[in-house]
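> next input, structure requested:
(chains A and B)
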2 protein chains.
Amino acid sequence: MPSEFELIRRFFTRPVQHTELGVGDDAALIRVAAGMELAVSADMLVEGRHFSSSDSPGALGYKTLAVNLSDLAAMGATPRWATLALALPAADEKWLQGFAGGFFGLAQKHKVDLIGGDTTRGPLTLCVQIMGEVPAGRALRRSGAQPGDDIWVSGVLGDAALALAFRQGRVELDRREAAACLPKLYLPTPRVELGCALLGIATSAIDISDGLLADLGHILEASRAAAEIRFDDLPKSDVLRAHLGDAAVRDCLLAGGDDYELCFTAPAERRAALAELSARLDLPLTRIGAIRGGAGLVLRDGAGQAMTTEATGYDHFA
Amino acid sequence: MPSEFELIRRFFTRPVQHTELGVGDDAALIRVAAGMELAVSADMLVEGRHFSSSDSPGALGYKTLAVNLSDLAAMGATPRWATLALALPAADEKWLQGFAGGFFGLAQKHKVDLIGGDTTRGPLTLCVQIMGEVPAGRALRRSGAQPGDDIWVSGVLGDAALALAFRQGRVELDRREAAACLPKLYLPTPRVELGCALLGIATSAIDISDGLLADLGHILEASRAAAEIRFDDLPKSDVLRAHLGDAAVRDCLLAGGDDYELCFTAPAERRAALAELSARLDLPLTRIGAIRGGAGLVLRDGAGQAMTTEATGYDHFA
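Coordinates of the predicted model:
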């Protein structure tokens, strides 16, 4: 196997745009702009659990970075630097080239410098740490949602989970429907621009990685609040809407995960500002419910009746 | 297996000392002091390659952090924050408690806040990212060694490799000798205080993780310089000295790795200052050779004759 140093040099060393010292020394050196805090998030992906070794390496490289960018989007932070640690069973250069291509393609788009990491032999495991800047004291958090706030989500929910269910044979889709959903699973779009634009508007935010109910649940727990959600208002693609009769598909919508949209809260006075933002970003922003005092999450049907749900990923709490 | 969230909460959430927002949100938030750069380093450790699952989890937790602190020491940076990502085959709570104990024990000693990470199921794999502060523009690097500079190392070299060779049956040690060497392998002391004290004194620095010749080689490559080393001046423990007739033991000294001492260069005018520093830190600092123009590394015996070496880890280069 080519030495660790060779692999790093060939596949993971590219010129840095805004870094004092990049890959090559004992540590990298970065300067955080005055008045900014550094937002830091890490993620480990294990073969067999988060991805398959038969997945396209390019898509995997892309998604590995994308899910981390999504964590920063949820803080309203601007991504700036990343480190990447890989354990590989063998130096499969074609695989590495594909992976690096997907990773750097997205990194370049977001002006993220890869500044360090590690390469070693072992079962295929990836660990990314992402760092971004956010104005000091202004980051969006899971806490902060206030009774009376509206609850919003970006984009549509459930398509990634629907694609996974299709791939696993739990749901039937025709070719056109599958083609519409599969990119959502492999190549999610982190809502970085939205996150930054929500600074000073949103009272709380989270990215939907585990599923709407679970992740909104984290907001409620951190904010010590309750929520009412209107099922009919949940934004859904045409494909998902067509299959809504299937309980497994409702689970995809509520609890499927892998959406990487933002769920956030904002005072009612901000509705006009958010409509403008939605138009400016050409990104649907949908009001799905409201924050209440107390605890718990209630889902209401079109008639306003509380719905029960066996949705996986939903942690019941007081 | 207890949920990811439970494991994080129970074993890896402790109060932070100097962090704006710690574990629990989508990202952590830190403030880098004005005038400082952030030094960032990452390391991935894989079971079977870097450690054994039968190793004491406490020692592993300690060493996982120690080797990363050593990378910061080599930059002259003060360690401040870390993230820890773990893949575990099962939620072995006794193991996790031991690991966390070793990790946090050392973290507390160095006032390092654990601010984030990830916990997932998979083959036992650890990924640490360490972050520290260093005055802007003043970090020690592998580049910067000048012809005429002295070459120095801290502590003694070879004992960790000797302990490993003993464990693997390649070298024979009596009980007293083994007891003296084994702690060097399991619980290395990162030279953080030394690294910081070398700012403004050393012209280059590296921490010895792969072995003296290999790591000094990195300095020479980055600095575009050559070196002459005096074999007899290499600092050795009494145990190693007693076994120096064995070629395998000379390999431990020159190329064994796992020393985690600092190798650095400094102008001859700094000898007095370094002697004072050595006394103040109660840490041997030994002058082992000199930087020359050109390229290559020459090892000289007591008579000044060039020595050849089959030492593993030594990358020959012009």
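> can you tell me the distance between the two ends of stretch A:85-94?
Start to finish, the residues bounding stretch A:85-94 are 18 Å apart (C-alpha to C-alpha, to the nearest Å).
> again with stretch A:162-176
OK, stretch A:162-176 end separation, C-alpha to C-alpha: 13 Å.
> ditto for stretch A:115-130
10 Å.
> can you give me how far it is from the chain middle?
On the basis of C-alpha atoms, centre = their mean, to the nearest Å, stretch A:115-130 sits 20 Å off its chain's mean C-alpha point.
> and that stretch, which residues are buried?
Within stretch A:115-130, the residues scored as buried using 16 or more other C-beta atoms under 10 Å in any protein chain shown are A:115-120, A:122-130. Heads up, the C-betas are built off the backbone N, CA and C, glycines and all.
> what parts of the stretch 101-250 of chain A come near chain B?
For the stretch 101-250 of chain A, the residues in contact with chain B (C-beta under 8 Å from any C-beta of the partner chain) are A:115-118, A:120-123, A:125, A:127, A:129-132, A:134, A:136, A:139, A:141-143, A:205-207, A:222.
> hmm, which two among the buried residues of stretch A:115-130 are most spread apart?
For the buried residues of stretch A:115-130, the maximum inter-member distance is 25.3 Å, found between A:Ile115 and A:Pro123 (C-beta to C-beta).
> what about A:Ala222, distance to A:Leu198?
16 Å (C-beta to C-beta, to the nearest Å).
> of those two, which one has the most company?
A:Leu198 (28 against 17; other C-beta atoms under 10 Å in any protein chain shown).
> list the buried residues for stretch A:141-152?
Applying 16+ other C-beta under 10 Å to stretch A:141-152 flags A:Arg141, A:Arg142, A:Ser143, A:Gly144, A:Ala145, A:Asp149, A:Asp150, A:Ile151, A:Trp152 as buried.
> got the CA positions of that stretch in PDB?
What follows is stretch A:141-152, C-alpha atoms only, in PDB (Å, rounded to 0.1, in the frame of the first residue of the first chain):
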ATOM      1  CA  ARG A 141     -29.200  27.200  18.500                       C
ATOM      2  CA  ARG A 142     -31.700  24.400  19.300                       C
ATOM      3  CA  SER A 143     -32.700  26.500  22.300                       C
ATOM      4  CA  GLY A 144     -34.500  29.800  22.000                       C
ATOM      5  CA  ALA A 145     -37.900  28.800  20.500                       C
ATOM      6  CA  GLN A 146     -40.700  30.800  22.200                       C
ATOM      7  CA  PRO A 147     -44.400  30.000  22.700                       C
ATOM      8  CA  GLY A 148     -46.200  31.700  19.800                       C
ATOM      9  CA  ASP A 149     -43.300  31.300  17.300                       C
ATOM     10  CA  ASP A 150     -44.100  29.800  14.000                       C
ATOM     11  CA  ILE A 151     -42.400  26.500  13.100                       C
ATOM     12  CA  TRP A 152     -40.900  26.400   9.500                       C
END
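> so which bits of whichever strand or helix holds A:Ala180 are buried?
If you go by DSSP states H and E, A:Ala180 is part of helix A:175-186. Buried residues in helix A:175-186, defined by neighbour count with 16+ other C-beta under 10 Å: A:Glu177, A:Ala178, A:Ala180, A:Cys181, A:Leu182, A:Lys184, A:Leu185, A:Tyr186.
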